[in-house]
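>>> predicted model and sequence below, questions to follow.
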4 protein chains.
Amino acid sequence: MTMLIRNGEIINADSRVKADILVEDGVIRQIGEKLDAPKGTEVINARGKYVFPGFIDPHVHIYLPFMGTYAKDTYKTASKAAVVGGTTTLIEMCCPGPTDPVMKSYELWRGKAEGNSACDFTFHMGVTRFDKKSEAELRKIVADGISSFKIFLAYKGALGVSDEQLFNVMRLAKELGVIVTAHCENAELVAQMQQRLIDEGKTAPKWHYHSRPPMVEAEGVHHLTTFAAMNGTHVYTVHTSCRESVTAALRARERGVKIWIETLIQYLTHDMTYAEKGGFDRASRYVMSPPLRHKSNQEYLWHGLQQGFINTLATDHAPFDVKKQKQMGRNDFTKIPNGIPSLEDRVKMFWTHGVCEGRIDMHRFVDCASTQTAKIFGLFPRKGTIAVGSDADIVVWDPKYRGKISARKHYMNIDYNPYEGWTTKGRPALVTVRGETVAKDGEFVGKLGHGQFLSREPTHF
Amino acid sequence: MTMLIRNGEIINADSRVKADILVEDGVIRQIGEKLDAPKGTEVINARGKYVFPGFIDPHVHIYLPFMGTYAKDTYKTASKAAVVGGTTTLIEMCCPGPTDPVMKSYELWRGKAEGNSACDFTFHMGVTRFDKKSEAELRKIVADGISSFKIFLAYKGALGVSDEQLFNVMRLAKELGVIVTAHCENAELVAQMQQRLIDEGKTAPKWHYHSRPPMVEAEGVHHLTTFAAMNGTHVYTVHTSCRESVTAALRARERGVKIWIETLIQYLTHDMTYAEKGGFDRASRYVMSPPLRHKSNQEYLWHGLQQGFINTLATDHAPFDVKKQKQMGRNDFTKIPNGIPSLEDRVKMFWTHGVCEGRIDMHRFVDCASTQTAKIFGLFPRKGTIAVGSDADIVVWDPKYRGKISARKHYMNIDYNPYEGWTTKGRPALVTVRGETVAKDGEFVGKLGHGQFLSREPTHF
Amino acid sequence: MTMLIRNGEIINADSRVKADILVEDGVIRQIGEKLDAPKGTEVINARGKYVFPGFIDPHVHIYLPFMGTYAKDTYKTASKAAVVGGTTTLIEMCCPGPTDPVMKSYELWRGKAEGNSACDFTFHMGVTRFDKKSEAELRKIVADGISSFKIFLAYKGALGVSDEQLFNVMRLAKELGVIVTAHCENAELVAQMQQRLIDEGKTAPKWHYHSRPPMVEAEGVHHLTTFAAMNGTHVYTVHTSCRESVTAALRARERGVKIWIETLIQYLTHDMTYAEKGGFDRASRYVMSPPLRHKSNQEYLWHGLQQGFINTLATDHAPFDVKKQKQMGRNDFTKIPNGIPSLEDRVKMFWTHGVCEGRIDMHRFVDCASTQTAKIFGLFPRKGTIAVGSDADIVVWDPKYRGKISARKHYMNIDYNPYEGWTTKGRPALVTVRGETVAKDGEFVGKLGHGQFLSREPTHF
Amino acid sequence: MTMLIRNGEIINADSRVKADILVEDGVIRQIGEKLDAPKGTEVINARGKYVFPGFIDPHVHIYLPFMGTYAKDTYKTASKAAVVGGTTTLIEMCCPGPTDPVMKSYELWRGKAEGNSACDFTFHMGVTRFDKKSEAELRKIVADGISSFKIFLAYKGALGVSDEQLFNVMRLAKELGVIVTAHCENAELVAQMQQRLIDEGKTAPKWHYHSRPPMVEAEGVHHLTTFAAMNGTHVYTVHTSCRESVTAALRARERGVKIWIETLIQYLTHDMTYAEKGGFDRASRYVMSPPLRHKSNQEYLWHGLQQGFINTLATDHAPFDVKKQKQMGRNDFTKIPNGIPSLEDRVKMFWTHGVCEGRIDMHRFVDCASTQTAKIFGLFPRKGTIAVGSDADIVVWDPKYRGKISARKHYMNIDYNPYEGWTTKGRPALVTVRGETVAKDGEFVGKLGHGQFLSREPTHF
């Protein structure tokens, strides 16, 4: 099957050209001016539209047992939401508990995706324990194509790793050429502050912020970078939310640590007041960790993305519904399941509030939301660029579209949308995953099960 | 005329693909697998070779009246040296003295290049004075396609600008969307330290360093960034040589200043001991400004290039011969014409000591030496990428070549080479400028006069 | 004449003791328990009171031709205000214009003090020009007992020094062992921003801030410290107002620069909103340079004083009346004479808002407002401590006093008080200058002319 | 009993005066010129000498079970060594293991000092466990006059605290107004690096450094300051050895953390090469933790002491003999008992290499080695100053003395001296503890048992 995308303006992280794209068998075969359409070719007219490489969300949760419940999405719902929004590759966290068997967990997570996803997928292998047995299994998992680990410095007594485990993860990752992604908040400080606040009767959602202020996150980043430096390991701080923790990462980078910084769309668009306003039902929607921060961080984060000292944009997608799940924390903010679902709207909001507002240019837009992610996680050049030989994951973007976001019409399986009522400027007019059209003008038109597991090589870069 | 480059591995800053490239009329028309060669097409077999976008040197001097003499190269010699080394675009500084008429100077400089260059070229417009008349002429020059200024904070009483001029350059540049490149050393400190050292009888080349230690450069960077911040101007620090000044730039970047950082190949490969060892004839070859620094800076600079917090790699090419010109400073280091010629060998040394030693990967190699430069200075995507629609400035790189560098065989018009006797791993096997082959295996095979002036748009990015 | 101060609690920067103090001939002769009172001794009962060393204001203007007018105080008014407020030593700036003869100016300033002052005094010698002649005169002035210079990086075309002058002042100061105090704001940036704001019709007092934001001050500090470092000179940043400039000084200190930091009482008690509120008559009272800053700086400055990374507290006393002088800038904020008079109330406000609020302890209170100043400027141990052999400059402090500040009853010759209506907790019950009682319970009871010139040695420390 | 010290020059941290001192009943009663000597008074002629307050060593170990053995000194030997060297107050660490009962340990440690010491003493209470019982006992110990805790972030599985314990110590300390002193090295990193090095056959003393490089210490400081900041606790980093960790503390101080920094005489005088040179018997003498550092840190540490951003100078005295104890690590550096004995020579070396070399002035000398320590730990003004009412702990210092240090004649019970053969300029000619003469010209002349326990108040400052 062949497809020819005509007359669009192809925007890569480092190129901008009006040219045609010829796709065969799911791969981009030619890029050129006025290409011929072989017989039987589906021809797409992209005049007046931009053509981007498919976007990648490097930080999502789909199957997620967490805080006594489960995130609401499955691959059937989440992958639809992803592609409708322009995201064609997901990197989910495989997130076993500290007593779960490692290989079994990996197979469990992978099994939930295989055959069910509309888009391609791969995993960060969560490491919540570290012993001889788990090390052996981790080696096998890396050999199977998983070249990134995920650890938590937060979540004491649950997912969090001890310093000993942290060191050993770093050692193993260095040996295997695997990058370690990390949730950086000091677990003990959070646990203690939660207790202190609850003891003081401070139970409402807004106190969540105060249990993990910026210094708690910066402490986590500093800790991570020291352990990385001692081992020469490559690290990646997920959901970096504020100036303090970005600064900690930058200082480490200047000391020679190979570190990459991810922030989330939510931190760019929402601030801490969202978890303060309204009653519990409203405020609890905006509880995630690290928490939404003071508005003054937003300009800094945007600037970092544009200047390139912040590398990638993700969502940490983790949907818990308002009706039941968020209610678990009605009398105790520490029991509110953490997460602000944004998988479907990340790219649109990044475009609307970034490119349209002049905060970032189109090349940085592509780079942060796709290309750099592909490079960091060993998906490049298969993913992350419109290039000959690359997978035909293509987003034809209509910059003229204007619409409003609403939970009533989104594909995510969740009863609210943090952007409810917000305007979006532009959206994907067409989305392909390896040459198959999966979304058109906001509608899912693909097939569940088309998505494939992406095996990745360790990079040692 | 058409050319087909077959079977190479195309390395862009953000892509890596084995594919063919079809060139027609100087432009890349198609990139694809197994492309057809129209009749009459010259077919190049690039199997086993890398295919890079032509490299860009954003900081060269060719016509340069300086310190009472003239740099030795002309476009006839320099552009040959450039292309043989893989550099297909030069950005020369148009460098009028403070009393020279601005427009006339621009025409003078441009006139020296037009019709004489083997490769494409453009200019940073040097601003060494600022008044109503010169402002009007600068506006015209920008309208003519020059979208970058160059200023000196150094060279008191000669090229250096006053604070008043500095502010006005910044204001005008912001208004016009022009980036300001700057030589950052405090002029007065240099002048005073020179006098002090000479008064103390410290006249040998090694004292040059002590007249402009790292803090003098860092002071310049700090000063520049404050003036940039007050106006919102985009700035670019040329030849950043050491940790102190990079740090000053990074702190400004974190405060929101839009700043890019250039370093030079010489700072990566040579240290201050080169200007200390041997007699005058040897040491004086290694006198440039800012001076070669302590070796401990090199690992930091390489790390910065790889991690991306340092942006570009240039040469500040300025050849003055040992036989006569460097002799001017035999009894007084302040009279040694400044410069270490490296135009011809920059790319090879960056590859040999960077990529081959594992200090940078190939994508960063291309990005620092070509792509980012093109983006920063408004040449992109015409230059800086192998992409459909881009100029066919192509370097087919032979990674297997081994050779030695020597002044006896280089194309630069200068009687020494700072890399004399150094080994090079890899070199350009073929170099094209807009589709014309200009160099093959170390030999110039092109035509002087093929090179064109590159008109650039203000970017306002 | 002898005086015995009984039963007070003596608070030095580094000691706290209940003991008696015996004063003879203006000097402290004994400190001990239950000292005998020789016949004829005046005995002061200080029970329930603190006994502090006389406070020193290291930054005042009395005779001050500035911005086309003259500050309102003379030694007759200012020295009364000083001692009533507990300040027993003034360091005035001798402030010649750039064309004034240096020695004559020194004699002029000194002549205005001699015979007229109620308290002791000395001078920072302002350097606004630098040539052979002025250098020779500066040497004589230092030999005469002036061991500190004052320079302005601000005030372009008036008091400001060029980089060449700056370097030479640093060189000379290093040679002579003289500390250089500096007003750190980049002159050109201020001048340009003033012009820009006025051109935009922004003429009200509140725009004064925007003509010299924090980065302009930080730039000045950075510049100063580089010139200091190149010469090894000791430097002192006067009226440091904000985090940005303190940070610039701290980084220099860590790099090895010997630098001391002064802040002002006004920056601790007032913020930028004072120059924004009310009509011109109100707002213009709060115009000084550097301007009052954002409130968020205050906690930082207090913390710095307590932790000791900020060294001294001064006033930059410069009274211009509202009725006439401030009016000069009614239509143009750049013409508002700069100054917020605080000489009389500095110590009381530092006590009330510092010690009484738990922001600083009593030892730091004494250290910042007296002892460190004495040490830095070569007055120690003659001044700045209650010790045997030291001058009997003594403040017996009544911590129980409560009152309100008002221009109606102050001694300063100025028609407003920036603390009008503010509460003061505590005040001097008794103040002596070299054993002579000069103030009692808020009333001046001394003699004009009792104050002496203090000759100071270069320190070379 | 009365003593009159005549004609000396009294040097306090903030005063310098030639005056007599009258001591009665162990307390300074009068300071004045030409004081009368009551009948029976012992008169000391201090002409030509300096008179300092007795020095305080805030960080010593005397009774120390550690690494399977015991430090060699007892109070009988250590307190003699202390006073002969001018140190009149010791703050020893009470150092129970994690399973030892808290109150019993306190009593054990105190019992070893009571009746045996020639000088006064107090304790930091080591916290190596934290539970309800130990908290209750800690409260009693604080009530008994111990107002500082000591914790270890290092020594995994032995003395080190967990994050949970760390938080609780901080909380309790804040509540009680107690300062927390901390050994800052990340325990896990040290343990892992030790294992790695030993596994690689790197067993010699020089590898000790590599098991705990500067970043491991800086990590500890950063960690400490975050936990301090979350609780508002005052903290004190003991034996800060290098620029990296001082910088971590300074940044915290700027963020508002109340932190004080101690360095050791050994870091000023010795560098890491001492643990690299010679055979095991020589190198092992210089093993302590944190290890001796690169020489480039020394200038920085001296500068910090002079400028005041480093606060105090101690020894971490911990003598283990070469003959037997250091031998434990002959085949494994991790088993070398840590410590470089310096109690006796700290003050002389600080004077010789500090004051005599112009690196610090006499006031900073006194401040760092006595006054600030007294202030920070609640001993002031009883200790740390020559003032009326203060304890008569007096050091009459002979600046003209010249001698050599040797283990053959020192009082410490240890078979080597790290300063063997080094020259000392100056020494105590006379040392008193509460008015009793305890040392004269390098000889102990006092009585064991004269020393008293010093009860200290929580400060809440």
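Received it, and whenever you're ready, just let me know what you need.
>>> any weak-confidence spans in chain A?
A:460-461 (pLDDT under 70).
>>> and the residue of it nearest chain C?
Across chain A, no residue is closer to chain C than A:Ser296, which sits at 10.5 Å (C-beta to the nearest C-beta). From N, CA and C alone the C-beta is placed, and that goes for glycine too.
>>> and that residue, backbone torsions?
With angles defined as degrees, to the nearest 10, A:Ser296 shows backbone torsions of phi -60, psi -20.
>>> how much space between A:His59 and chain D?
The span separating A:His59 from chain D equals 25 Å under the rule C-beta to the nearest C-beta, to the nearest Å.
>>> before we move on, the earlier item: and the closest residue to the residue of chain A closest to chain C other than its chain neighbours, how many neighbours?
Leaving aside its chain neighbours, A:Ser296 sits nearest to A:Arg243 (7.9 Å; criterion: C-beta to C-beta, 6 or more residues apart in numbering or on different chains). Residues lying near A:Arg243 (other C-beta atoms under 10 Å in any protein chain shown) number 20.
>>> ok, A:Pro399 next?
Number of residues near A:Pro399 (other C-beta under 10 Å) recorded here: 16.
>>> quick one: what helix or strand has it in it?
In the assignment (DSSP states H and E), A:Pro399 maps to strand A:394-404.
>>> assign a three-state SS to A:Arg285, would you?
On the three-state scheme (DSSP: H, G, I helix; E, B strand; the rest coil), A:Arg285 is labelled helix.
>>> I'd say it and A:Lys326 touch.
Yes. At 6.7 Å, A:Arg285 and A:Lys326 qualify as touching, with contact defined as C-beta atoms under 8 Å.
>>> list the buried residues for the strand holding A:Pro399?
The neighbour-count check on strand A:394-404 (16 or more other C-beta atoms under 10 Å in any protein chain shown) flags A:394-399 as buried.
>>> is the strand or helix carrying A:Gln194 up against chain D anywhere?
Assessed by DSSP H and E, A:Gln194 sits inside helix A:187-199. Yes. Helix A:187-199 reaches chain D (C-beta under 8 Å from any C-beta of the partner chain) through A:187-189, A:191-193.
>>> quick check: buried residues in that helix?
If you call a residue buried by 16+ other C-beta under 10 Å, then helix A:187-199 has these buried ones: A:187-194, A:196-198.
>>> and A:Ala13, how far from chain B?
The gap separating A:Ala13 from chain B is 5 Å, by C-beta to the nearest C-beta.
>>> A:Ser406 too?
With distances defined as C-beta to the nearest C-beta, the gap from A:Ser406 to chain B amounts to 34 Å.
>>> who's in contact with that residue?
By C-beta atoms under 8 Å, 6 or more residues apart in numbering or on different chains, the contact list for A:Ser406 reads A:417, A:420-421.
>>> again, but for A:Val221
A:184, A:237, A:240, A:245, A:248-249, A:252.
>>> any idea which helix or strand comes after the helix or strand hosting it?
Secondary structure here is read from DSSP H and E; on that basis A:Val221 sits in helix A:214-231. Following the chain from helix A:214-231 toward its C-terminal end, the next helix or strand by DSSP H and E is strand A:235-237.
>>> give me the element the residue nearest to A:Lys112 when sequence neighbours are not counted is part of.
Distances taken as C-beta to C-beta, 6+ apart put A:Tyr63 closest to A:Lys112, at 4.8 Å, once the chain neighbours are dropped. In this assignment (DSSP H and E), A:Tyr63 forms part of neither any helix nor any strand.
>>> ok, A:Tyr63 - how many residues close by?
By other C-beta under 10 Å, the burial measure for A:Tyr63, its neighbour count, is 20.
>>> quick check, it in contact with A:Ala71.
Yes. In this structure, A:Tyr63 sits in contact with A:Ala71. The criterion is C-beta under 8 Å, and the distance is 7.4 Å.
>>> next, count neighbours for the closest residue to A:Arg6 other than its chain neighbours.
With C-beta to C-beta, 6+ apart as the criterion, A:Arg6 has its nearest non-adjacent residue at 5.0 Å, and that residue is A:Asp20. Other residues lying near A:Asp20 total 24 when counted by other C-beta under 10 Å.
>>> so what's A:Asp20 up against?
With contacts defined as C-beta under 8 Å, 6+ apart, A:Asp20 is in contact with A:4-7, A:30-35.
>>> 10 Å instead?
Under the criterion of C-beta atoms under 10 Å, 6 or more residues apart in numbering or on different chains, the contact list for A:Asp20 reads A:4-8, A:10, A:30-37, A:43-44, A:46, A:51, B:30, B:388.
>>> what of A:Leu305?
The neighbourhood of A:Leu305, defined by C-beta under 10 Å, 6+ apart, consists of A:261, A:263, A:268, A:311-313, A:350, A:354, A:359-360, A:364-365, A:367-369.
>>> can you do 8 Å?
Remark: with contacts taken as C-beta under 8 Å, 6+ apart, A:Leu305 is in contact with A:263, A:313, A:354, A:359-360, A:364, A:368.
>>> out of the residues you listed, which sit inside helices?
A:Arg364 (DSSP state H).
>>> just put the contacts of A:Leu305 in JSON lines and tack on neighbour count and distance to C:Pro458.
Formatted as JSON lines, the contacts of A:Leu305 follow (neighbours: other C-beta atoms under 10 Å in any protein chain shown; distance: C-beta to C-beta, whole Å):
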{"residue": "A:Thr263", "neighbour count": "26", "distance to C:Pro458": "54"}
{"residue": "A:Leu313", "neighbour count": "32", "distance to C:Pro458": "59"}
{"residue": "A:Gly354", "neighbour count": "24", "distance to C:Pro458": "59"}
{"residue": "A:Arg359", "neighbour count": "19", "distance to C:Pro458": "55"}
{"residue": "A:Ile360", "neighbour count": "25", "distance to C:Pro458": "56"}
{"residue": "A:Arg364", "neighbour count": "21", "distance to C:Pro458": "56"}
{"residue": "A:Cys368", "neighbour count": "26", "distance to C:Pro458": "58"}
